[in-house]
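In: Pasted the sequence and its predicted model underneath.
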Amino acid sequence: MTSPGSTVFVVDDDLSMRKAIERVLRAAGLAVSAHASAQDYLERYDPNAPGCLLLDLAMPGFSGLDLQDALAARVGAPPIIFLTGHAAIPDSVRAMKHGAVEFLTKPIDDRTLIDAVRNAVEKDRVDRLKRAELAEIRQRLATLTPRESEVLSYVVSGKLNKQIAADLGTVEKTIKVHRARVMEKMQVRSLAALVQLAARAGITSNPEP
C-alpha cells in the first residue's frame, strides 16, 4: 500500500523517459510530479510533501548527484532512487553512501520500478513519523526547568534519588519532587519509558560532578 498523499517526484531531462515512467507509476495508482531538470525540482521543492524522488543520474548542468548533495542539508528531503542509462559503479557507490535507497539501470522492469518506489515511499513515511515523534519529545523537554533537566540526566544514567541529592547538594525529598515533575512533563509513567524518550533525544547520561 502507498501512503495517502505521497507523491513520486520524477526528475529526468529525457521527455520520453519521463512520460514512460509517469504512465507506469500512474497505472499503479501512484501520484506523480514530473520535472525536466534538477533546478525545476528545487524551485518547487516542498519539505512537507511526502513521497520519494526518482532521479536521473546524468543530466546536463546540475546532475542527479548534484541534486542529492543539495538536498542533503535540507530537513524533510525524500528518499532518492537513482536511474541511469548505463552501469556507473563509482557513481552508484557514491550515491548509496550519500543515502540513496536504490540505484536502477534503464531500461527498468515495471515491477522492479514500482516495488522500489513503494519501498521508498514507505521509508519516507516511517522517517517522517520518527521526526514528528522526536519533535514532540523535544517539545516536552523544553518545558523542563534547568534543575529538572539536570535531574533527568542523572535519572537516565541510573543513579538513585539519594545519590542525585548528594551530587547536587540537596535532600532526597527535593529530588523526588523534581523527578515526579519530570515524569509528568515528559508524559511517562515508568522509568523505562523515560529512559527510552531521553535516549531518543540524545540524553544518555549526566556529566560527572
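Out: Everything's here; your move. Numbers count the residues shown, from 1 in each chain.
In: Now do the domain split for the chain, please.
Out: The record's domain parsing of the chain by automatic domain parsing lists 7-134, 143-200.
In: Show the average pLDDT along the shortest one.
Out: What that stands for is domain 143-200. Summarised as a single mean, pLDDT over domain 143-200 is 94.
In: Make 219 the first number, not 1, from now on.
Out: In the new count, where the first residue is 219, that last one comes out as domain 361-418.
In: What residues does residue 286 make contact with?
Out: 273, 298, 313, 316-318 (CB atoms under 8 Å, 6 or more residues apart in numbering). (Each C-beta comes from the backbone N, C-alpha and C, glycine too.)
In: and which of those is nearest to residue 406?
Out: residue 317 (32.2 Å; CB to CB).
In: Tell me if the closest one really is in a helix.
Out: No - Residue 317 is assigned coil when assessed by DSSP: H, G, I helix; E, B strand; the rest coil, not a helix.
In: per-residue pLDDT, it?
Out: For residue 317, pLDDT reads 79.
In: Could you report the separation of it from residue 226?
Out: 18 Å (CB to CB, to the nearest Å).
In: now residue 392
Out: Residue 392 is 56 Å from residue 226, by CB to CB.
In: if you count what's nearby, which of those two comes out ahead?
Out: The neighbour count for residue 392 versus residue 226, taken as other CB atoms under 10 Å, is higher for residue 226 (27 against 15).
In: can I get the CA coordinates of the helix or strand encompassing the more buried one in PDB?
Out: Taking DSSP states H and E as the criterion, residue 226 maps to strand 225-229. In PDB, the C-alpha atoms belonging to strand 225-229 read as follows (Å, rounded to 0.1, in the frame of the first residue of the first chain):
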ATOM      1  CA  THR A 225       3.900  11.800  -4.500                       C
ATOM      2  CA  VAL A 226       6.700  10.300  -6.700                       C
ATOM      3  CA  PHE A 227       8.800  13.200  -7.900                       C
ATOM      4  CA  VAL A 228      10.400  12.200 -11.300                       C
ATOM      5  CA  VAL A 229      13.400  14.200 -12.400                       C
END
